[in-house]
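> return a 3D structure for these sequence lines:
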Amino acid sequence: MNLKLALLAERRRHLVEQAAAQRTALARNVEPWRARLARVDQGVAVLRTIGRHPAWMIGAVLLLAVWRPRRAGKWLQRGWLVWQIGRRLR
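Below is the predicted model:
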């Protein structure tokens, strides 16, 4: 029984060391992407906020239509596309 426990303890130690090495390697590999991933995270947060408060989107569209009527159609198309993509990602 002691041999079995010793083998398990050795295996556990090896797995813990391996996990630590993998965490270090992952942190090193993700570092160049950190800023980009932060931007994506901010974008997702904005989309979630808009999803919880759709009246904000309507208000923004109305303001855009009042300020720039000629460009409103272009921005409405972009907004509609972003909204559809957000729904598909859910």
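> in the chain, where is pLDDT below threshold?
1, 68-72 (pLDDT under 70).
> domain parsing for it?
Domain assignment for the chain, taken from automatic domain parsing, gives 1-52, 53-90.
> tell me the span between the first and last residue of stretch 28-36.
15 Å (CA to CA, to the nearest Å).
> shift numbering so it begins at 40
All set: I'll call the first residue 40, so the last point we hit is now stretch 67-75.
> JSON lines please, covering the domains of the chain and showing mean neighbour count.
No exception for glycine: its C-beta is placed from N, CA and C like everyone else's. Shown next, in JSON lines, are the domains of the chain (neighbours: other CB atoms under 10 Å):
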{"stretch": "domain 40-91", "mean neighbour count": "10"}
{"stretch": "domain 92-129", "mean neighbour count": "11"}
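> elements contacting the helix or strand where residue 103 lies?
In this structure, residue 103 sits in helix 93-106 according to DSSP states H and E. Other helices and strands packing on helix 93-106, by 3 or more CB pairs under 8 Å, 6 or more residues apart in numbering; DSSP states H and E, are helix 73-91, helix 108-128.
> ok, which of those helices comes nearest residue 47?
Of all the helices and strands packed on helix 93-106, it is helix 73-91 that lies closest to residue 47, at 37.4 Å by CB to CB.
> give me the helices and strands touching the closest one, please.
helix 93-106, helix 108-128.
> what angle separates it from helix 108-128?
100 degrees (axes from the mean of the first three to the mean of the last three CA atoms, to 10 degrees).
> so which of the helices and strands packed on helix 73-91 is nearest residue 79?
helix 108-128 (11.3 Å).
> quick one: list the elements packing against that closest one.
Counting contacts by 3+ CB pairs under 8 Å, 6+ apart, helix 108-128 packs against helix 73-91, helix 93-106.
> export stretch 104-123 to PDB, keeping only CA atoms.
Below are the C-alpha coordinates for stretch 104-123, written out as PDB (Å, rounded to 0.1, in the frame of the first residue of the first chain):
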ATOM      1  CA  ALA A 104     -30.500  60.600 -38.400                       C
ATOM      2  CA  VAL A 105     -31.000  64.200 -37.100                       C
ATOM      3  CA  TRP A 106     -27.300  65.200 -37.400                       C
ATOM      4  CA  ARG A 107     -26.400  63.600 -40.700                       C
ATOM      5  CA  PRO A 108     -29.500  62.500 -42.700                       C
ATOM      6  CA  ARG A 109     -27.500  61.700 -45.800                       C
ATOM      7  CA  ARG A 110     -25.000  59.400 -44.000                       C
ATOM      8  CA  ALA A 111     -27.700  57.900 -41.700                       C
ATOM      9  CA  GLY A 112     -28.500  55.100 -44.200                       C
ATOM     10  CA  LYS A 113     -24.800  54.100 -44.400                       C
ATOM     11  CA  TRP A 114     -24.500  53.900 -40.600                       C
ATOM     12  CA  LEU A 115     -27.800  52.100 -40.200                       C
ATOM     13  CA  GLN A 116     -26.500  49.400 -42.600                       C
ATOM     14  CA  ARG A 117     -23.400  49.100 -40.500                       C
ATOM     15  CA  GLY A 118     -25.300  49.000 -37.300                       C
ATOM     16  CA  TRP A 119     -27.700  46.400 -38.700                       C
ATOM     17  CA  LEU A 120     -24.800  44.200 -39.700                       C
ATOM     18  CA  VAL A 121     -23.100  44.500 -36.300                       C
ATOM     19  CA  TRP A 122     -26.400  43.600 -34.600                       C
ATOM     20  CA  GLN A 123     -26.800  40.600 -36.800                       C
END
